[in-house]
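A.B. asks: Fold the following for me, if possible:
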Amino acid sequence: MLTRTKAALAVAGATAVIAAGAGAALADGGHPGGPPGSGAIASYLGLTPAQLQTQLESGKTPAQIAQAQGKSVTGLEDAIYADAKSHLDAEVAAGTLTAAQEEHRLADLKSHLDDIVNHSRPPADRRGPGGPPFAAVAAYLGITADELRTELLSGETLAQVATAHGKAVAGLEDAIYADARSHLDADVAAGRITAAQEQQRLGGLKAHLDDIVNHTGPPARP
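C.D. replies: Numbering: from 1, shown residues only. Take a look at the predicted model:
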């Protein structure tokens, strides 16, 4: 089960999620391509995860979907935040995260909530569980997406997986950054975001790369 890992990655790398436009694809085995806390979002909106996914794939933002469902955008942001906090509280209780780290990640998530709910994916941009940046990471490491997922489920960080496969952590970060930039370049070319917005998001991603590659979730449970 990847839920806790997904939530932590979404918080630690909130900007990465925004920048890549791939939701929590690195560790989202349940709702590939969805935004952070996609299960909580669907519940708040009164939709099934599949219905939410379909609307996101049509190019709508989470905020637009909320308004169409008669829900407030503020309430949507609160649902995302509460979902992340519940998972991080559990990690603090389990000793896999300190209270200070939780506060730092929650503050980072809170500062990016507006970006998260107002970011849209390209229509019909279907990325499966092995989609970007998952596929880019697996390709850099020279393993399959399934093999990468298995190693992450064992409790290893992306950096540890890279080292075990004889790959440089700096190269891993470059691969994640390059993948995000390629998608953002396409967004700029299509007029979905401005060049200034791209640079802002890439700057945020770069600042969080160390957090992303060094974060670990708990080992998989039966």
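A.B. asks: CA only for contacts and neighbour counts going forward, please
C.D. replies: Fine.
A.B. asks: which stretches of the chain have low pLDDT?
C.D. replies: 1-37, 120-132, 216-222 (pLDDT under 70).
A.B. asks: so where do the helices sit in it?
C.D. replies: 3-12, 14-20, 38-45, 49-57, 62-68, 73-94, 99-118, 134-141, 145-153, 158-164, 169-189, 195-214 (DSSP state H).
A.B. asks: Same list (those) but as CSV, adding mean neighbour count.
C.D. replies: Below are the helices of the chain laid out as CSV (neighbours: other C-alpha atoms under 10 Å):
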stretch, mean neighbour count
helix 3-12, 25
helix 14-20, 28
helix 38-45, 20
helix 49-57, 18
helix 62-68, 19
helix 73-94, 18
helix 99-118, 17
helix 134-141, 21
helix 145-153, 18
helix 158-164, 19
helix 169-189, 18
helix 195-214, 18
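A.B. asks: And Ile143, how far from Leu172?
C.D. replies: Shown here: Ile143 relative to Leu172, a distance of 13 Å by C-alpha to C-alpha, to the nearest Å.
A.B. asks: Same question for Lys110.
C.D. replies: Separation of Lys110 from Leu172 (C-alpha to C-alpha): 27 Å.
A.B. asks: now Gly191
C.D. replies: In terms of C-alpha to C-alpha, Gly191 sits 29 Å off from Leu172.
A.B. asks: likewise Thr157?
C.D. replies: 12 Å.
A.B. asks: repeat for Glu151
C.D. replies: With distances taken as C-alpha to C-alpha, Glu151 is found 15 Å from Leu172.
A.B. asks: for Leu148, same thing?
C.D. replies: Using C-alpha to C-alpha, one gets 13 Å for the distance from Leu148 to Leu172.
A.B. asks: so what's Gln55 up against?
C.D. replies: Going by C-alpha atoms under 8 Å, 6 or more residues apart in numbering, Gln55 touches Ile65.
A.B. asks: Next, find the distance separating it from Ala40.
C.D. replies: 15 Å.
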